[in-house]
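J.: all I have is the shape, not the residue letters:
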């Protein structure tokens with residue numbers, strides 16, 4: 001192997017076509033407890049487009065004022081082990097793996113819009129042979145977030161009345177399937193063009209957000225998973241049944257400086273002022289959660305929905321696709 005690889009590097013903040021550039025950089029070297037992975041696929045997630053655009057602007061205080069300190073976006077890993085660092089004994093070169101470099105990315109790691117990346121060994125799992133690399137990549141952040149929300153935060157079970165706002169997106173498509181499989185009565189909020197799509201995933205009812213405002217309806221729900229945050233938290237919380245739980249899972253939209261952060265803050269305030277049960281979702285990409293996602297996919301009853309795959313040299317187009325906020329399922333980048 002050479003010491004050089006192709007990677008998509010971010011030169012500043014702005015439109016993906018303006019700030020993302022395919023170039024050659026040094027291949028990363030795995031440290032203690034890390035694995036070097038030759039990537040076959042990764043996916044585009046909300047943190048990626050947030051960092052590309054630098055919106056909300058206030059978040060640049062933590063990532064870099066003029067450009068991100070870590071220049072390569074992406075965290076979801078699906079590929080083949082190329083080398084292992086000191087202390088890694090349960091993975092070996094040639095193993096097909098999937099997982100995440102997310103914690104490593106927080107420390108300025110290699111990113112996954114590239115031919116190679118490094119990731120903590122404890123955030124990688126051997127990929128089931130029947131699971132394609134593209135679907136494995138799509139199942140990491142979106143799948144774990146949805147699984148954590150449905151299984152742990154909401155504890156969906158038979159008869160749970162669950163409304164999922166943004167049901168046709170990456171997290172939403174996983175959440176609809178997981179909740180329906182658990183026996184929940186799922187109401188999906190999406191555009192009319194995706195109504196039959198989410199019904200096929202298991203939604204019992206569909207609300208077309210282009211013609212109907214779910215916060216003005218008469219139904220009440222045991223839980224609301226809000227992947228869009230396009231209504232005030234108070235308006236959404238009014239749709240809850242007694243002891244219902246509201247789960248905000250989006251930065252929402254708003255001013256360039258703060259975007260939807262004020263709504264997130266108001267969601268937290270609901271807990272203190274009204275007693276509404278407000279819970280957040282944290283994506284923890286450990287082996288236990290990766291194995292749980294793989295098990296769900298292995299049944300064939302849950303599928304990683306990939307709307308489109310882009311080659312590495314079209315990564316800017318993949319991020320632009322996500323920025324349109326109309327992606328049906330997940331957007332994948334292949335190498």
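T.: Yes, it's here. Keep in mind that this is a model prediction, so the values were computed, not measured.
J.: on the three-state scheme, residue 187 is what?
T.: At residue 187 the chain is in strand, as set by DSSP: H, G, I helix; E, B strand; the rest coil.
J.: can you tell me which residues contact it?
T.: By CB atoms under 8 Å, 6 or more residues apart in numbering, the contact list for residue 187 reads 161, 162, 163, 164, 203, 204, 205, 206, 207, 214, 219, 221. (Glycine included, C-beta is placed from N, CA and C.)
J.: likewise for residue 30?
T.: Applying CB under 8 Å, 6+ apart, we find residue 30 in contact with 36, 83, 84, 85, 88, 118.
J.: and those, which of them are buried?
T.: Buried subset of those (neighbour count, 16 or more other CB atoms under 10 Å): 36, 83, 84, 85, 88, 118.
J.: tell me which helix or strand the second one sits in.
T.: With elements taken from DSSP states H and E, the one containing residue 83 is strand 76-84.
J.: now tell me what touches that strand from outside.
T.: For strand 76-84, the surrounding residues in contact (CB under 8 Å, 6+ apart) are 1, 30, 34-43, 45, 91-101, 112, 116-117, 119, 121, 124, 127, 133-134, 136-138, 140-141, 335.
J.: ok, stretch 286-306 next?
T.: Under the contact criterion CB under 8 Å, 6+ apart, stretch 286-306 has outside partners 98-99, 122-125, 127-128, 130-131, 134-136, 138-140, 142-144, 147-148, 151, 170, 173-174, 177-178, 181, 201, 328-332.
J.: hmm, 6 Å instead?
T.: Where contact means CB atoms under 6 Å, 6 or more residues apart in numbering, the residues beyond stretch 286-306 that reach it are 99, 125, 128, 134-135, 138-139, 143-144, 147, 173, 177, 181, 329-330, 332.
J.: can you tell me which of the residues you listed has the most neighbours?
T.: Highest neighbour count within those: residue 173, with 34 neighbours (other CB atoms under 10 Å).
J.: next helix or strand past the worst-scoring helix or strand of the chain on mean pLDDT?
T.: The helix or strand of the chain with the poorest confidence is helix 102-106; it has a mean of 58 (mean pLDDT, DSSP states H and E). Once helix 102-106 ends, the next helix or strand along the chain (criterion: DSSP H and E) is strand 116-120.
J.: I'd like the next helix or strand past that following strand.
T.: As assigned by DSSP H and E, the chain's next helix or strand after strand 116-120 is strand 124-126.
J.: pLDDT on that next one, on average?
T.: Per-region confidence: strand 124-126 scores 98 on mean pLDDT.
J.: for that strand, which strands pair with it and how are they oriented?
T.: Each strand paired with strand 124-126, and its direction, by DSSP bridges: strand 96-100 (antiparallel).
J.: pLDDT (mean, whole number) over the strand it pairs with?
T.: Taken as a whole, strand 96-100 has an average pLDDT of 98.
J.: in this protein, which strand is the longest?
T.: Assignment by DSSP state E gives strand 34-44 as the longest strand of the chain.
J.: for the following helix or strand past that strand, name the packing helices and strands.
T.: Using DSSP H and E, the helix or strand that follows strand 34-44 in sequence is helix 46-53. Packing partners of helix 46-53 (3 or more CB pairs under 6 Å, 6 or more residues apart in numbering; DSSP states H and E): helix 315-323.
J.: now find how far off-centre the helix it packs on is within its chain.
T.: The chain centre lies 14 Å from the centre of helix 315-323; the measure is CA atoms, centre = their mean, to the nearest Å.
J.: got the angle between that helix and strand 34-44?
T.: Going by axes from the mean of the first three to the mean of the last three CA atoms, to 10 degrees, helix 315-323 is angled at 60 degrees with respect to strand 34-44.
J.: can you classify residue 89 by secondary structure?
T.: What three-state DSSP gives for residue 89 is coil.
J.: also residue 163?
T.: Residue 163 falls in the strand class when you classify it by three-state DSSP.
J.: what bridges to it?
T.: Beta bridges link residue 163 to residue 187, residue 224, judged by DSSP bridges.
J.: distance check, residue 323 against residue 250.
T.: Distance from residue 323 to residue 250, counting by CB to CB, to the nearest Å: 14 Å.
J.: my guess is residue 312 meets residue 332, correct?
T.: No - look at residue 312 against residue 332 with CB atoms under 6 Å: they stay out of range, at 11.0 Å.
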